[in-house]
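Undergrad: pasting the structure only:
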C-alpha cells in the first residue's frame with residue numbers, strides 16, 4: 001500500500017476499474033496503526049501497555065459480490081488474491097492476504113454469516129515500521145466483514161471481539177504468537193487519547209494525551225523487521241521459561257510473568273540463574289512497573305519525568321531484552337543528543353522499525369532534519385519522520 005493513501009473518491013474509482021459496476025454500493029472501512037508509548041514486549045506476559053491509535057491507517061473499499069468468494073487487491077500490488085468462504089483455511093497459503101483470510105475464518109467461527117465481497121486496500125502505514133500495519137489490515141477487514149455479514153443485526157458490535165479475532169488470525173494463519181495490544185489499539189483507539197490496557201484482564205481506560213508544547217515524532221529507521229523471522233517467537237519461549245523459574249523460586253503458581261511485582265523480582269533475583277532468561281524476566285517485570293509510573297507522570301503533567309522513563313525503558317529493551325539492533329540504537333543515541341528532545345525509545349517488536357520521540361514543537365523540524373543527516377551518515381539508510389496525531393479506532397467512513 002502506498003505511503004500516501006488514496007482519497008475515498010480515488011479509491012472508489014480504482015475499485016470500479018478492477019471490479020466493475022458503479023460506486024453506489026461501495027462502502028469504505030478503515031483501521032489505524034498504533035504507537036506504543038511504553039510497555040514493550042509485555043502484552044504477552046499479562047502486563048499493562050500504553051498504546052495510542054495513529055491517524056496513519058489502512059483503508060478498504062468493499063462491496064458485496066453475490067458469490068462465496070472474498071476477492072482482494074491492494075492498490076500497489078499486481079494480482080487478485082481470493083479465498084472461498086467454504087474453505088477459508090486455504091488462505092494460510094496466500095502470498096498476500098493471509099491476515100485478511102485469518103480474520104474471515106475467525107468471524108465465521110464466531111458465528112458471523114460472512115458474505116462474498118470484493119475488497120481493495122490502500123493505506124499509509126509503512127510496512128515493517130513497527131506501527132502495526134498488520135493489525136490495521138486485520139481490523140479493517142474485520143469491521144467490514146462484520147458490517148456486511150448477513151446476520152450482522154443480531155450479532156455483537158463489540159470491537160474488542162474483533163481485536164481478539166485479529167490476534168487469533170496472526171497466531172493461526174501467520175505464525176506470529178503476538179499479544180493483544182496491537183489489535184486492541186487499532187480496534188479501540190480514541191482521538192487524542194492513549195489507552196492504558198491490562199493485557200491479562202482486558203480492563204482499560206483512556207488517558208488524555210496532553211503533551212502541551214511537545215509533539216510525538218516517529219523516526220522510522222527504514223530497516224524492515226519481520227516478526228515471523230525475527231527472534232520474537234524465541235522471546236516468547238524465554239519468558240515462558242522465566243515464569244516457570246519465578247514460580248519455582250517464590251513457590252507460587254502465577255499465570256503471567258507480570259503478576260509479579262518489582263519487589264518480587266528483587267526477592268527472587270539472587271536465586272535465579274544469572275543468564276539471558278533472568279535478563280528477560282527483569283525487563284518484563286520492571287517494564288510493567290514503568291508503565292504505571294509513566295502514566296502517573298503524564299497525568300501529573302510532568303513531561304520531563306515521562307521522558308526519563310521512556311529512556312529507562314529503552315535501556316531495558318536494549319540491554320536486557322536485546323531486540324533493538326544497530327539501526328534502532330543509532331537512532332536512539334542520536335535523538336538523546338538533540339535539542340528539544342526530552343524522551344526517546346524504540347517502539348514495536350524491534351529489530352528495525354521506529355523510535356518514538358517527545359520533541360518540543362519549536363525543535364521538531366530541526367530534529368528531523370538533523371537526525372536524517374546523522375543517521376544516513378552512520379547507516380547509509382535514509383530514514384523517514386512523522387509528526388503524529390492520535391486518531392480513532394476501526395470504523396466505517398461515510399463519504
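TA: Yes, it's here. Bear in mind the structure is a predicted one, so any value in this text is a computation, not a measurement. Residues are numbered from 1 along each chain as shown.

Undergrad: helices or strands up against the longest strand along the chain?
TA: The residue-count maximum for a strand in the chain (DSSP state E) belongs to strand 51-64. Under the contact criterion of 3 or more Cβ pairs under 8 Å, 6 or more residues apart in numbering; DSSP states H and E, strand 51-64 touches helix 8-19, strand 27-36, strand 117-123, helix 133-147, helix 181-188, strand 193-198. Heads up, the C-betas are built off the backbone N, CA and C, glycines and all.

Undergrad: Could you single out the most deeply buried of these?
TA: helix 181-188 (a mean of 30; mean count of other Cβ atoms under 10 Å).

Undergrad: quick one: that helix to chain centroid distance?
TA: Relative to its chain's centre, helix 181-188 lies at 7 Å (Cα atoms, centre = their mean, to the nearest Å).

Undergrad: cool, and stretch 196-215?
TA: 14 Å.

Undergrad: again, but for stretch 222-241
TA: 14 Å.

Undergrad: try stretch 387-399
TA: With Cα atoms, centre = their mean, you get 15 Å for stretch 387-399.

Undergrad: Count the residues that sit near residue 339.
TA: Counted by other Cβ atoms under 10 Å, the residues lying close to residue 339 total 11.

Undergrad: hmm, I was thinking of residue 78
TA: 6.

Undergrad: quick one: average pLDDT of the helix or strand where residue 169 lies?
TA: Using DSSP states H and E, residue 169 sits in helix 159-173. For helix 159-173, mean pLDDT is 95.

Undergrad: Give me the buried stretch members for that helix, please.
TA: In terms of neighbour count (16 or more other Cβ atoms under 10 Å), helix 159-173 has its buried residues at 159, 161-170, 173.

Undergrad: Repeat that for stretch 107-116.
TA: The neighbour-count check on stretch 107-116 (16+ other Cβ under 10 Å) flags 107-108, 110, 112, 114-116 as buried.

Undergrad: What of stretch 317-324?
TA: Within stretch 317-324, the residues that count as buried by 16+ other Cβ under 10 Å are 317-318, 320-324.

Undergrad: Can you name every helix or strand that the lengthiest helix in the chain contacts?
TA: Taking DSSP state H as the assignment, the helix of the chain that covers the most residues is helix 276-299. Where contact means 3+ Cβ pairs under 8 Å, 6+ apart, helix 276-299 is packed against strand 48-49, strand 204-208, helix 232-250, helix 262-269, helix 303-319.

Undergrad: try 6 Å
TA: Applying 3 or more Cβ pairs under 6 Å, 6 or more residues apart in numbering; DSSP states H and E, we find helix 276-299 packed against helix 232-250, helix 262-269, helix 303-319.

Undergrad: who touches it?
TA: With contact meaning Cβ atoms under 6 Å, 6 or more residues apart in numbering, helix 276-299 is reached by 38-39, 42, 45, 47-48, 50, 196, 238-239, 241-242, 257-258, 260, 262, 265, 272, 305-306, 309, 313, 316, 320-321.

Undergrad: Out of the residues you listed, which end up buried?
TA: For the contacts of helix 276-299, buried by 16+ other Cβ under 10 Å: 38-39, 42, 45, 47-48, 50, 196, 238-239, 242, 257-258, 260, 265, 272, 305-306, 309, 313, 316, 320-321.

Undergrad: re the thing from before, what inclination does the longest helix of the chain have with respect to strand 27-36?
TA: 110 degrees (axes from the mean of the first three to the mean of the last three Cα atoms, to 10 degrees).

Undergrad: buried residues in helix 276-299?
TA: 277-291, 293-295, 297-298.

Undergrad: How many residues are close by residue 22?
TA: Neighbours of residue 22 (other Cβ under 10 Å): 9.

Undergrad: What values do phi and psi take at it?
TA: Residue 22 has phi and psi values of phi -110, psi -180 when expressed as degrees, to the nearest 10.

Undergrad: And it, how far from residue 16?
TA: 7 Å (Cβ to Cβ, to the nearest Å).

Undergrad: picking up where we left off before, nearest to residue 353, of the buried residues of stretch 107-116?
TA: In terms of Cβ to Cβ, no member of those lies closer to residue 353 than residue 107, at 28.8 Å.

Undergrad: Run a quick neighbour tally on the closest residue to residue 124 other than its chain neighbours.
TA: Leaving aside its chain neighbours, residue 124 sits nearest to residue 5 (4.3 Å; criterion: Cβ to Cβ, 6 or more residues apart in numbering). Per other Cβ under 10 Å, the neighbour tally for residue 5 reads 20.
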